[in-house]
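> Give me coordinates for this.
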Amino acid sequence: YQGELQGSIQDLHSDGILITNAGFIDVMVKLKSKNLSFEKYKIEGNIGTSSLNLGKILGEKTQLGRTSFQLDVLFNSVLGNSFTLDAQGNIDTLEFRNYCYKNISVNGKFNNDGFDGKLIISDKNAELAFEGRVDTKKDRPISHFFANVSNLNLSETNLLKKLPDAKIAFDVESNIVGRNIDDFEGAFSIDNVIFTQADKEISFNNLSLSAVEHENKTKELKIYSDYVNGYVKGVYTFSEMVKNIYNLSHQYLPSILKEKKSFLSNETKNVNNFSFQLNLENMEPINEVYPLPFFVLEESVVTGFYNNKDNKVKVRLESPRLQVGKNVFKDCMVLLENPQDEMKAIARATFAPKNKRRYPYFVSLNSKLKQDTLDVKVNFSNTDTITYSGELSTQAIFKDYVKGEGLTADFSINPSKIILNDTIWEMHKSEISIDKKRIDIDSFYFNHNSQYLIVDGVNSLSEKDSINVHFSDFQLGYISDMVNNKNISFDGVSDGDLY
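The predicted model follows:
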């Protein structure tokens, strides 16, 4: 400390600079205490800095950097018990995630319990107004506040780097009790949301969560929004779901998902035993701005339940139209469940090619998984005068997986018949083995009379190994039939080998 100290120890005036390894703090305050024990004391005045590194004080994990501010403060303390801090003034700069926020004003009261007051940010990339109370001392904290975010540039502030020029505006109102979604009660809503990315925009009126706990200790969580509406009922601890799902998956894939003692240690402490229903609306507007792996195009419903004590799960999706990548499926049903000792997945849909070169396909998938063994059957058929239909049947036996080295597994392709362009082809029994950086294909054989395709050999790091693809009297037009892409066309007859 450098500066002046005046008065007595019970009535001390300070005007100077506090020097730390994180920066300098200008201090102009009065300290008063009724007695020398300092059981109760008060600090009043002004503190400020032109550059203080909060990251050095609070730790790098906070992602905070340097700050500059001028604040009028009134600090009251009861030694070893509680305190209150009234602060009013301006935070000129505050670095967070390597972005420097400017023009922040604060007017509120901090204490052992939390914060009650106002916070306004008037930055070119972040305009926010917060007013309310956050009480963190109680066993179940209280959050009662309203915030208006009129402009937040997510990319410039480094909050969302993947989407350049992404901006959002919204209102938030919170009236909840609880530390997290596992135990919260009350209501939380986000309103008037406008999300833009370059020249694209998503807007929705409301996203609300509400939760109540019933007398029998079961809970009910409801969600309302423009795109998703539904509920979760029962006993839930969502923070344990990753462990629960991993342990459930380990039951069916023990060689791939190894047992984790850390995941098993708390398995009986928290229970997940709930049912759910989610009604989904057309999500194409979201996909146009933020690409999704799949999304519904019409009103759809997801139902099911999960019980981690019995290790039972059921999820069912029904959708009139579902898009996966660029492909659209109609009249979709997907079911995942484990009523017995195996995990089953069933899917049915109608696939309508966009290029309309063919009538729609009816596609179904049936699979079951038990003790590292996965059996899959895929059936397809069309309604055109020219038939394309068949069944693909495979079995996979998983043996091991090492991160960075790869998968070890054996795949069997079972005999089946496939009709292509009214012509019956046969898929013969064949085996494929994968052992980390080695693939061994044993006589993959696909034929129609004298036409056939054979794939055989080994692919590895060794230059001596190779995979041989052999054609005999093979009409390449069948490849065009299978690819079904107007931009890709094959014709002619092939004989020979590829290595």
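
> Show me where the stretch 251-400 of the chain dips below the pLDDT cut-off.
Scanning the stretch 251-400 of the chain with the threshold set as pLDDT under 70 gives 262-270, 353-359.

> do that again at 50, thanks
266-267 (pLDDT under 50).

> which residue ranges form the helices in it?
For the stretch 251-400 of the chain, helices defined by DSSP state H, counting those that start in this stretch occupy the ranges 261-264, 284-289.

> Just name the most buried of those.
Most buried of the helices of the stretch 251-400 of the chain, by mean neighbour count (mean count of other Cβ atoms under 10 Å): helix 284-289, with a mean of 15. (C-beta placed from N, C-alpha, C; glycine too.)

> quick one on the thing from earlier: I'd like the helices of the stretch 251-400 of the chain laid out as TSV, including distance to residue 418.
As requested, the helices of the stretch 251-400 of the chain are exported to TSV (distance: least, Cβ to Cβ, whole Å):
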stretch	distance to residue 418
helix 261-264	43
helix 284-289	33
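
> wait, which of those is closest to residue 215?
helix 261-264 (32.3 Å; Cβ to Cβ).

> Can you name the residues that contact residue 273?
By Cβ atoms under 8 Å, 6 or more residues apart in numbering, the contact set of residue 273 is 234-236, 306-309.

> sorry, back to before: of all the helices of the stretch 251-400 of the chain, which one is nearest residue 84?
helix 261-264 (41.1 Å).

> hmm, back to that, relative to residue 294, which of the contacts of residue 273 is nearest.
residue 306 (21.2 Å).

> Tell me how many other residues crowd the closest residue to that closest one other than its chain neighbours.
Spatial nearest neighbour of residue 306, excluding adjacent residues (Cβ to Cβ, 6 or more residues apart in numbering): residue 313 at 4.9 Å. Using other Cβ atoms under 10 Å, residue 313 has 18 other residues around it.

> Residue 313 and residue 251 touch, don't they?
No - counting by Cβ atoms under 8 Å, residue 313 does not reach residue 251; the two are 10.9 Å apart.

> what's the closest of the helices of the stretch 251-400 of the chain to residue 50?
Across those, closest to residue 50 is helix 284-289 (Cβ to Cβ), at 40.7 Å.

> Against which helices or strands is that closest one packed?
Applying 3 or more Cβ pairs under 8 Å, 6 or more residues apart in numbering; DSSP states H and E, one finds that helix 284-289 contacts strand 185-197, strand 200-213, strand 294-296.

> Make JSON lines out of those and add distance to residue 345 and mean neighbour count.
Formatted as JSON lines, those follow (distance: least, Cβ to Cβ, whole Å; neighbours: other Cβ atoms under 10 Å):
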{"stretch": "strand 185-197", "distance to residue 345": "34", "mean neighbour count": "17"}
{"stretch": "strand 200-213", "distance to residue 345": "30", "mean neighbour count": "15"}
{"stretch": "strand 294-296", "distance to residue 345": "15", "mean neighbour count": "19"}
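
> So for residue 63, which of the ones you listed sits nearest?
strand 185-197 (23.1 Å).

> Can you give the contact residues for the closest one?
By Cβ under 8 Å, 6+ apart, the list of residues contacting strand 185-197 reads 163-178, 201-213, 289-290.

> cool, and stretch 37-51?
Contacts of stretch 37-51 (Cβ under 8 Å, 6+ apart): 14, 23-34, 66-79, 89.

> and if we set it to 7 Å?
Residues outside stretch 37-51 that contact it (Cβ atoms under 7 Å, 6 or more residues apart in numbering): 23-34, 66, 68-79.

> same deal with stretch 426-434?
Under Cβ under 7 Å, 6+ apart, the answer for stretch 426-434 is 407-418, 440-447.

> do you know how far the residue nearest to residue 224 when sequence neighbours are not counted is from residue 176?
Closest residue to residue 224 apart from its sequence neighbours, by Cβ to Cβ, 6+ apart: residue 208 at 4.5 Å. Distance of residue 208 to residue 176, given as Cβ to Cβ, to the nearest Å: 11 Å.

> Also residue 227?
For residue 227 relative to residue 176 (Cβ to Cβ), the value is 22 Å.

> Looking at those two, which one has more neighbours?
The residue with more neighbours, out of residue 227 and residue 176, is residue 176; 19 against 16, by other Cβ under 10 Å.

> That one contacts residue 183, correct?
No - contact criterion Cβ atoms under 7 Å: residue 176 and residue 183 do not qualify, at 10.1 Å.

> Please convert the buried members of the contacts of stretch 37-51 into ChimeraX selection syntax.
For the buried members of these, the matching ChimeraX selection, counting by 16 or more other Cβ atoms under 10 Å, is:
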select :23,25,27,29,31,33,66,68,69,71,73,75,77
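
> Among the contacts of stretch 37-51, which ones are in strands?
23-33, 66, 68-78 (DSSP state E).

> ok, of the contacts of stretch 426-434, which come out buried?
For the contacts of stretch 426-434, buried by 16+ other Cβ under 10 Å: 408-411, 413-414, 416, 418, 440-441, 444-447.

> before we move on, the earlier item: if we only consider the contacts of residue 273, which is nearest to residue 402?
Using Cβ to Cβ, the contacts of residue 273 come closest to residue 402 at residue 308, 28.0 Å.

> Test my guess that the closest one contacts residue 246.
No - Residue 308 lies out of contact with residue 246 (Cβ under 7 Å); the separation is 11.0 Å.

> And those two? Which one has more around it.
Each of residue 308 and residue 246 has its neighbours counted (other Cβ under 10 Å); residue 308 has more, 24 against 14.

> dump the residue contacts of the more buried one.
By Cβ under 7 Å, 6+ apart, the neighbours of residue 308 are 244, 271-272.

> most neighbours, which of the residues you listed?
residue 244 leads the contacts of residue 308 on contacts (other Cβ under 10 Å) with 22 neighbours.

> My understanding was that that residue contacts residue 272; is that so?
Yes - applying Cβ under 7 Å, one finds residue 244 in contact with residue 272, separated by 5.6 Å.

> what's the pLDDT at residue 419?
On pLDDT, residue 419 comes in at 91.

> element containing it, please.
Element membership of residue 419 [criterion: DSSP states H and E] is strand 416-420.

> so what strands line up beside that strand?
The partner list of strand 416-420 in its sheet, established with DSSP bridges, is strand 389-402 (antiparallel), strand 423-427 (antiparallel).

> Any chance of TSV for these, columns mean neighbour count and distance to residue 333?
Formatted as TSV, the strands paired with strand 416-420 follow (neighbours: other Cβ atoms under 10 Å; distance: least, Cβ to Cβ, whole Å):
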stretch	mean neighbour count	distance to residue 333
strand 389-402	16	19
strand 423-427	16	26
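
> As TSV, those with distance to residue 451 would be great.
As requested, those are exported to TSV (distance: least, Cβ to Cβ, whole Å):
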stretch	distance to residue 451
strand 389-402	16
strand 423-427	8
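
> Residue 159 is nearest to which of those strands?
Among those, strand 389-402 sits nearest to residue 159 (Cβ to Cβ), with 34.4 Å.

> May I have the strands that pair with the helix or strand just after that closest one, each with its orientation?
Beyond strand 389-402 on the C-terminal side, the first helix or strand identified by DSSP H and E is strand 406-413. Strand 406-413 pairs in its sheet with strand 389-402 (antiparallel), strand 430-435 (antiparallel), by DSSP bridges.

> residue boundaries of the strands in the stretch 301-450 of the chain?
Taking DSSP state E, counting those that start in this stretch as the criterion, the stretch 301-450 of the chain contains strands spanning 312-324, 327-337, 343-351, 361-370, 373-382, 389-402, 406-413, 416-420, 423-427, 430-435, 438-448.

> Give the partner strands of the helix or strand harbouring residue 51 in its sheet and their orientations.
In this assignment (DSSP H and E), residue 51 forms part of strand 40-53. Here strand 40-53 is paired, per DSSP bridges, with strand 23-33 (antiparallel), strand 64-78 (antiparallel).
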